[in-house]
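Undergrad: After the sequence you'll find the predicted model.
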Amino acid sequence: MLHKLDFIQEKYEELSKKIADPEVISDNALFQKLCKEHSAMEPIVAKYSEYKDIKKRFQEDKEMLQEGGLDDEMEQLVKEEIKELEEQIEITEKELKLLLLPKDPNDDKNVIVEIRAGAGGDEAALFAGDLFRMYTRYAERHNFKVELLSANETGIGGYKEVVFMIKGQGAYSKLKYESGVHRVQRVPQTESGGRIHTSTATVAVLPEVEDVEVDINPNDLRVDVYRSSGHGGQNVNTTDSAVRITHLPTGIVVTCQDEKSQIKNREKALKVLRARLYEIELQKQQSQIAEERKSQVGSGDRSEKIRTYNFPQSRITDHRIGLTVYKFDAFLDGEIDEMIDALITNDQAEKLKAAGE
């Protein structure tokens, strides 16, 4: 690890000189590229510098003890500092290992979230609505922007399907662990016997994809326009502004009717299509390394339930890491950081373990 850190520090110093070079500054594309590399290395170099300072103090204290000549009080102080420095070295080494882990290239991207009602009829649709509100509130708490792309409402406050974008630095790094089947256990309002029903909703979290990342052949698309339905004011049912795009090679169908402009709806639909196609390619790559990765966190596998929301017991359990939280109302109001942080920590631990192996 130390050899790798020395190499990174040398590279960082070289880049520092280059981005100060007038010739490099005049080449905007090169300058931006080098600045991005430099910025990515900065936290590693800063932490490595801190690590070396701690190691130096540790070594100096050890030598001081070996040389002798200290009175009892001073010797005790030095021994206590050595113990503290040992703990700091251990903590800093772990932090460095985390910083050296390969970063997910999608982490800083905006996300497209797709929530669909699963088994359970109207109750599943209501639960999909609960999840939509939960993620919306979470986004608001983090000053992320939410943009609705499409929604198929049930008329009783639920959704058969809702697709929306969350824009903000690092949105994908936080929300990527939410992909999967979410299960709810509660007594529906229409249930006179007080029996608990189990329903599900699926959540897909896709990184926003730039045009250059997914090549879509226009000849592979069938675009249909039709009149919007649902809430929308005077424009609804008067103009053909809604757009349905079918990707013929895969059969993927995307609809968007949120905007009054057909052009804007088309742009949004293409954005969702691009993200779904990118997700397919990502799934292919992940399936190839699935056997090597023991952790399923963040794998995108939606075949099994990942979390249960139990209303009668006011508990939420994530089955991947065995964590249960009892801040039920706060959780559904978007306070999901404790769960997300635990999932991130678990993922990092699994990656560190794999790197060690």
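TA: Ah, there it is.

Undergrad: Check the contact between Pro312 and Gln185; I expect there is one.
TA: Yes - with contact defined as Cβ atoms under 8 Å, Pro312 reaches Gln185; the gap is 7.1 Å. In this view, the C-beta of every residue, glycine as well, is placed from N, C-alpha and C.

Undergrad: And those two? Which one has more around it.
TA: Ranked by neighbour count (other Cβ atoms under 10 Å), Pro312 and Gln185 place Gln185 first, with 15 against 10.

Undergrad: distance of the closest residue to that one other than its chain neighbours from Glu338?
TA: Excluding the flanking residues, the one nearest Gln185 by Cβ to Cβ, 6 or more residues apart in numbering is Asn310, at 4.7 Å. Look at Asn310 and Glu338: by Cβ to Cβ, to the nearest Å, they are 17 Å apart.

Undergrad: which stretches of the stretch 51-200 of the chain form helices?
TA: Counting by DSSP state H, counting those that start in this stretch, the stretch 51-200 of the chain has helices at residues 72-100, 121-141, 171-175.

Undergrad: right, so the ones you listed: which one is the most enclosed?
TA: The highest mean neighbour count among the helices of the stretch 51-200 of the chain, using mean count of other Cβ atoms under 10 Å, belongs to helix 171-175: a mean of 22.

Undergrad: Dump the helices of the stretch 51-200 of the chain to JSON lines, plus distance to Ala342 and mean pLDDT.
TA: Listed next are those as JSON lines, based on distance: least, Cβ to Cβ, whole Å; pLDDT from 0 to 100:
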{"stretch": "helix 72-100", "distance to Ala342": "15", "mean pLDDT": "86"}
{"stretch": "helix 121-141", "distance to Ala342": "15", "mean pLDDT": "93"}
{"stretch": "helix 171-175", "distance to Ala342": "12", "mean pLDDT": "91"}
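
Undergrad: all strands of this protein, in order?
TA: Ranges of strands within the chain are 111-117, 145-153, 159-167, 180-186, 197-207, 221-226, 242-247, 252-256, 305-310, 315-318, 323-325, based on DSSP state E.

Undergrad: To Leu98, which of those strands lies closest?
TA: Among the strands of the chain, strand 323-325 comes nearest to Leu98, with 20.0 Å by Cβ to Cβ.

Undergrad: and that closest one, what does it pack onto?
TA: strand 315-318, helix 337-356 (3 or more Cβ pairs under 8 Å, 6 or more residues apart in numbering; DSSP states H and E).

Undergrad: looking at these, which has the lowest confidence?
TA: The stretch with the lowest mean pLDDT among those is helix 337-356, at a mean of 82.

Undergrad: what's the angle between that one and helix 121-141?
TA: Between helix 337-356 and helix 121-141, the angle comes out at 80 degrees (axes from the mean of the first three to the mean of the last three Cα atoms, to 10 degrees).

Undergrad: from the chain's centre, how far out does helix 337-356 sit?
TA: A distance of 13 Å separates the centroid of the chain from that of helix 337-356, by Cα atoms, centre = their mean, to the nearest Å.

Undergrad: buried sites along that helix?
TA: Neighbour counts over helix 337-356 (16 or more other Cβ atoms under 10 Å) mark 339-340, 342-344, 346-348, 350-351 as buried.

Undergrad: What residue spans form the domains of this protein?
TA: 2-100, 111-290+298-351 (automatic domain parsing).

Undergrad: hey, least reliable of these by pLDDT?
TA: Lowest mean pLDDT of the domains of the chain: domain 111-290+298-351, a mean of 83.

Undergrad: end to end, how far does that one reach?
TA: Criterion Cα to Cα, to the nearest Å; first-to-last residue distance in domain 111-290+298-351 is 23 Å.

Undergrad: what's the answer for stretch 151-161, then?
TA: Between the start and the finish of stretch 151-161 there is a gap of 6 Å, counting by Cα to Cα.

Undergrad: contacts for it?
TA: Applying Cβ atoms under 8 Å, 6 or more residues apart in numbering, the contact partners of stretch 151-161 are 114-117, 122, 124-129, 132, 150, 162-163, 230-231, 258.

Undergrad: Repeat the analysis, applying 10 Å as the threshold.
TA: Contact with stretch 151-161 is made by 114-117, 121-133, 150, 162-164, 189-190, 201-202, 229-231, 255, 257-258, as judged by Cβ atoms under 10 Å, 6 or more residues apart in numbering.
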